[in-house]
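>>> compute the structure for the input listed below.
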Amino acid sequence: MAGPGSSFGARRKAVKKGLQFTLLVVGQSGTGRTTFINTLCETPVVAHKAEVAPEMAHQEQGIKINPVSVELEEDGVRISLTVVDTPGFGDQIDNEFTFNEIMGYIERQYDDILAEESRIKRNPRFRDNRVHALLYFITPTGHALRELDIELMRRLSPRVNVIPVIGKSDTLTPGELQDFKRRVMEDIEYYNIPVYNFPFDAEEDDEETIADNSELRAMMPFAIVGSEEEVEVNGEPVRARRYPWGIVEVDNPQHSDFQRLRHSLLVTHLTDLKEITVHYLYEAHRSEKLSRSIVGENAGFEHGADQDGSVLPEDMATQSVRLKEDQLRREEQQLRDLELRSQRELAEKRQELLAREEVLRNLEARLAAAQTQGSGTPPPPPQQAALGASQGGPVHPVLTPGGYAGDEQHQQQHQQHYNGVQQ
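This is a model prediction of the structure:
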């Protein structure tokens, strides 16, 4: 049974190892999305959009998904923060493709977790890239939500914690900003968009938590001002934006909600955002995917699913076991394919080696023959060699003006024959 010491040790381990947190930032070009990311990370991790030539202005670049990682430290805790930028969102006439791209990225991270959980042997270095929060930047029109805003938040809220923010809020006066916040929240409630509203339990949570969450809920949507430049105010450098009429400080709560939002994301509500993602949003996606798989396999059968498409718990467990068995069979098949491929490559290498050895032997034989021909007279034909051996003479005599060199007996016989002819 785990005691207090085990939880304390787990906390120390988490503090030492660090926490992983993934933040998805979505907003139309010109809402201050890039400046906010660099202000949040306190370093220029995302480049600003390059200027487009006039002759290329009519071409649509499309949306891109760009994750960047940075190491931060908040209250002595190391945080491995991954910020996913989405340049190109809302720049097209038809944004259906951009909705699908963002939704597809979020669900792919869930699918990777589901596949890893189904493995017989899991990867100890597997990185959980599930998106824990989505900041949606609303254009500061001062009127109400646009159809693009409503559709994006409505589609993504079932898969991720959506937090609406107003980018470049310093373009509105304080009165206009308060009216705009009220209209935005009215639209969110009217269209029943389940955004992350900093939930609390009045019966179980303490008074401080209830007061803090209530204050954060009243500030939604957060009014954001970002700046990558520092301005000297009262002799101290602060992040701010300078205007002809004055200075807007990023970390001043009277000018911007940036500091309060940053503290909530990276300190006070980081764990809550992760738990909601893991225990509710991911589980809902996992159940839906397994349900669709079971219903698809049992199409035409009444068992396993009733008329409204619900799935029994025992069928869900059976499907989980079946997924693991399928994963094991695929891994075994991959192993067999790898073994067959290795054997085939080994056989090919062996045949190639034998062929090279045969070529080497032929080359050695030809080299030996060439050396034999170059060192002396080539060997005599078989008949001549046999005749020389029967006469007891040399196998291969050499003619000279006086007879056969190296054979004295043959020279004497030749001289006697010559004298008899003369007589």
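>>> tell me how the chain divides into domains.
For the chain, the structural domains run 14-48+60-296, 315-368, going by automatic domain parsing.
>>> which of the ones you listed comes out lowest on mean pLDDT?
Averaged per stretch, pLDDT over these is lowest on domain 315-368, reaching a mean of 81.
>>> separation between Ile106 and Asp85?
To Asp85, Ile106 is 14 Å away according to C-beta to C-beta, to the nearest Å. In this view, the C-beta of every residue, glycine as well, is placed from N, C-alpha and C.
>>> higher neighbour count, the two?
Between Ile106 and Asp85, counted using other C-beta atoms under 10 Å, the more crowded position is Asp85 (22 against 19).
>>> coming back round to it: give me whichever of the domains of the chain is most buried.
Comparing the domains of the chain by mean neighbour count (mean count of other C-beta atoms under 10 Å), domain 14-48+60-296 ranks first with a mean of 16.
>>> now Leu216: closest residue in space, sequence neighbours ignored.
Closest residue in space to Leu216, ignoring its immediate chain neighbours: Phe198 at 4.5 Å, by C-beta to C-beta, 6 or more residues apart in numbering.
>>> test my guess that His143 contacts Phe180.
Yes: using C-beta atoms under 8 Å, His143 is in contact with Phe180, at 7.5 Å.
>>> then Val160 would be within a strand, right?
No: going by DSSP: H, G, I helix; E, B strand; the rest coil, the assignment for Val160 is coil, not a strand.
>>> what secondary structure does the nearest residue to it once chain neighbours are set aside sit in?
In space, Val160 comes closest to Leu134 once its chain neighbours are excluded; the distance is 4.7 Å by C-beta to C-beta, 6+ apart. Three-state call for Leu134 (three-state DSSP): strand.
>>> export only the CA atoms of stretch 118-126, formatted as PDB.
Extracted in PDB, the C-alpha atoms of stretch 118-126 (Å, rounded to 0.1, in the frame of the first residue of the first chain):
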ATOM      1  CA  SER A 118      -1.300  -1.900 -27.400                       C
ATOM      2  CA  ARG A 119       2.300  -3.000 -27.800                       C
ATOM      3  CA  ILE A 120       3.500  -6.100 -25.900                       C
ATOM      4  CA  LYS A 121       6.800  -4.300 -25.100                       C
ATOM      5  CA  ARG A 122       6.500  -0.600 -24.800                       C
ATOM      6  CA  ASN A 123       9.200   1.900 -25.800                       C
ATOM      7  CA  PRO A 124      10.600   3.500 -22.600                       C
ATOM      8  CA  ARG A 125      11.700   6.600 -24.500                       C
ATOM      9  CA  PHE A 126       8.300   7.200 -26.100                       C
END
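>>> tell me the first helix or strand C-terminal of the helix or strand where Ala284 lies.
Element membership for Ala284 (DSSP states H and E) is helix 282-297. Using DSSP H and E, the helix or strand that follows helix 282-297 towards the C-terminus is helix 313-375.
>>> so how far is that following helix from its chain's centroid?
Averaging C-alpha positions (C-alpha atoms, centre = their mean, to the nearest Å) puts helix 313-375 31 Å from its chain's average.
>>> again, but for stretch 129-149
Relative to its parent chain, stretch 129-149 has a centroid offset of 26 Å by C-alpha atoms, centre = their mean.
>>> for the stretch 101-250 of the chain, what spans make up the helices?
Applying DSSP state H, counting those that start in this stretch to the stretch 101-250 of the chain gives helices spanning 147-156, 174-190, 207-219.
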